[in-house]
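Engineer: coords please:
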Amino acid sequence: MTEDTSPDNLRKILESDDPAMVRMGLSMAKNIDISEDFFEIVFKLSIFNDEKEIREEAHSIAQQIQKLENSAILNLLIDLFQKADDAWTTHLADPQDVRTATMSRIVEIGGSEARDLLLNELELDDEWWISEHIIEALGKIGDEEALDVLDRIFDDECEKLREFYMENPNSIDGPDYRSSDYSCLCYQTASAIARIGGNKAQKILLSYVKHNSPWWSSNVTIGFLKNLGWEPKDDKERISELIAEHKWEDCKEMGDYATVEAIASILDAIYYFERSECVLDEIVEAINSFGKDKFISIIDEEELWSESWSSIEETIETIESIIEY
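Structural biologist: I've put the predicted structure just below:
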């Protein structure tokens, strides 16, 4: 007696709650042509099923399917990615596991079509826990076109952080620039840019280092930039490197220009983060490394206060308040 491998029967077997039936269905699926609809069922089994043996067997079958065009598979995968939360509501799987699995398969397929699909999806999703999967995948298969988008995202994320602390000056629950797990998507995006690599990636990361923003953009990007083999080509880039790494003593050793640039960067940080628990101690430490009186005198002499405060007196009051905070 031959097995009934008709589409209706095979679908019924694969969707059974009985693990033995599912294993039998997978065994049958190995020996027949599988349509696009069955690829989706098999792929879901490779993610959702409770039994490791079934997940591995389904994954193997899904990988072996060659008849479908990459575009068809990619569309199925992105559809599963978008419906990841459905897996949670139906008690099938953790949505994060679904997103990780679908993104891994998209990365395996790769190519410009996969890249375009990810870029389009990135425009649609604005929740960070969804976007981080897409950004990580773009870092693995992206190119110069993806770098333009990642550059914009990194800049937007840094702006979000500044806005957060301007609106919540006393918050102790906000993002920490030292933590890649809770800093919006700054670390994930900078990592993706560095992973794509090349001259353009270096240029993008260097542009943020040269912002001289020692808390956030410069500090986040300097490590990724140096991992690409970058070294400062002149004193200006060297100063930006030192500021990004909070090497205040080295700035002083470089002379007056480096000292003024360093103090200006710290003053800018004070404007945004004067009551931010995650950076306040380091800001005070930076001020003290120059000496409070020296710090204030340079601000006054160079009129560094003028961009953010209405007077030197107001600036001094702010500096003294955070030292006493």
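
Engineer: and Pro232, how many residues sit next to it?
Structural biologist: 15 (other Cβ atoms under 10 Å). Using the backbone N, CA and C atoms, a C-beta is placed for each residue, glycine as well.

Engineer: Oh, that last question was meant for Asn219, not what I typed.
Structural biologist: Using other Cβ under 10 Å as the criterion, the residues surrounding Asn219 number 21.

Engineer: which element is it on?
Structural biologist: helix 217-227 (DSSP states H and E).

Engineer: Now tell me what touches that helix from outside.
Structural biologist: 154, 158, 177, 183, 186-187, 190-191, 193-194, 202, 205-206, 208-213, 240-241, 243-246, 265 (Cβ atoms under 8 Å, 6 or more residues apart in numbering).

Engineer: next helix or strand past it?
Structural biologist: helix 235-244.

Engineer: low-scoring pLDDT stretches of the chain, where are they?
Structural biologist: 1-5, 31-37, 64-68, 87-93, 125-126, 170-183, 325 (pLDDT under 70).

Engineer: What is the neighbour count of the closest residue to His59 other than its chain neighbours?
Structural biologist: In this structure, His59 finds its nearest non-sequential neighbour in Ser46, 3.9 Å apart by Cβ to Cβ, 6 or more residues apart in numbering. Ser46: 21 surrounding residues under other Cβ under 10 Å.

Engineer: Distance of Ser46 relative to Asp148?
Structural biologist: The gap separating Ser46 from Asp148 is 34 Å, by Cβ to Cβ, to the nearest Å.

Engineer: Could you do Ile109 as well?
Structural biologist: Taking Cβ to Cβ, one finds Ile109 at 22 Å from Asp148.

Engineer: In helices, which of the contacts of helix 217-227 fall?
Structural biologist: Under the assignment DSSP state H, those contribute 154, 158, 186-187, 190-191, 193-194, 202, 205-206, 208-209, 240-241, 243-244, 265 to helices.

Engineer: Contacts only, for Ser321.
Structural biologist: With Cβ under 8 Å, 6+ apart, Ser321 has these contacts: Glu274.

Engineer: Just the element for it, please.
Structural biologist: Using DSSP H and E, Ser321 falls within helix 312-324.

Engineer: Okay, buried residues for the strand or helix carrying Lys12 please.
Structural biologist: Here Lys12, judged by DSSP H and E, is contained in helix 7-14. Within helix 7-14, the residues that count as buried by 16 or more other Cβ atoms under 10 Å are 10, 13-14.

Engineer: got these as CSV, with distance to Met28 columns?
Structural biologist: Formatted as CSV, those follow (distance: Cβ to Cβ, whole Å):
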residue, distance to Met28
Leu10, 6
Ile13, 7
Leu14, 9
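
Engineer: out of these, which one sits closest to Glu301?
Structural biologist: Using Cβ to Cβ, Leu14 comes nearest to Glu301 of these, at 76.5 Å.

Engineer: you'd agree the closest one is up against Val22?
Structural biologist: Yes: with contact defined as Cβ atoms under 8 Å, Leu14 counts as touching Val22 (6.2 Å).

Engineer: and for these two, which residues touch both?
Structural biologist: Leu45.

Engineer: Could you give the secondary structure assignment for the closest residue in space to Glu302 that isn't next to it in sequence?
Structural biologist: Among residues not flanking Glu302 along the chain, Val260 sits closest, at 5.6 Å (Cβ to Cβ, 6+ apart). Of the three states, Val260 takes helix under DSSP: H, G, I helix; E, B strand; the rest coil.

Engineer: List the contacts of Val260.
Structural biologist: Taking Cβ under 8 Å, 6+ apart, one finds 298, 302, 304 in contact with Val260.

Engineer: Please report how far the residue nearest the centre of the chain lies from His133.
Structural biologist: Nearest to the geometric centre of the chain sits Gln188, at 2.1 Å (Cα atoms, centre = their mean). Plainly put, Gln188 is 9 Å away from His133 if you go by Cβ to Cβ.

Engineer: pretty sure Lys44 is touching Asp79, no?
Structural biologist: No: assessed by Cβ under 8 Å, Lys44 is found out of contact with Asp79, at 11.0 Å.

Engineer: Please enumerate residues in contact with stretch 123-141?
Structural biologist: Residues contacting stretch 123-141 (Cβ under 8 Å, 6+ apart): 81, 96, 99-100, 103, 106-107, 110-111, 114-115, 118-119, 121-122, 146, 149-150, 153, 184-185, 188-189, 191-196.
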